[in-house]
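S.K.: predicted model follows, preceded by the sequence.
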Amino acid sequence: MSVGFYLAKLGHNDFDFADDMTSVTKDGGNVNIGPPIQGNFAKDGTQGFVKFENTKDLYNVYDAGNFMTGKAFSMIGLSEERIFGGANTNSIITFKGPDTKADQRALSNGIRYPWVKWSK
């Protein structure tokens, strides 16, 4: 399996955190606070917001997923350039167009988030 294919597979499986973020907002009690915007995920939680510890920004569940994806890929040693390139390519080949500025900002903030470390 090529490295690129493996990384794409990670991005659609183990490193795809948007579904997880719906659970976070549901369990946190801030769900469905606006009109439905996308039907791809469970309705419970998709309209909530996520704030990561020691940050000031609020993220919708999809951008929170991008934040987590950026952190995950950086923790396995990918460069910021490769993470951005892969995310943008993925967005284009899945017919969503190029990554938005909000997507890129969330990825960047995740990559630079210093309060997550490997544990054994």
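M.R.: Nice, I can see it. Since this is a predicted model, take the numbers as computed values, not measurements. Numbering: from 1, shown residues only.
S.K.: okay, residue 96: pLDDT?
M.R.: Looking at residue 96, its pLDDT stands at 80.
S.K.: next: residue 114.
M.R.: The score at residue 114 is 94. That number is its pLDDT.
S.K.: okay, now it: neighbour count?
M.R.: 7 (other CB atoms under 10 Å). From N, CA and C alone the C-beta is placed, and that goes for glycine too.
S.K.: what does residue 53 give?
M.R.: Residue 53 is flanked by 7 other residues according to other CB under 10 Å.
S.K.: and it, how close does it get to residue 76?
M.R.: Distance of residue 53 to residue 76, given as CB to CB, to the nearest Å: 22 Å.
S.K.: in the host helix or strand of residue 111, what's buried?
M.R.: Residue 111 belongs to helix 101-112 when elements are defined using DSSP states H and E. By neighbour count with 16 or more other CB atoms under 10 Å, helix 101-112 contains the buried residues 103, 104, 105, 106, 107, 108, 109, 110, 111.
S.K.: over to stretch 73-80?
M.R.: 73, 74, 78.
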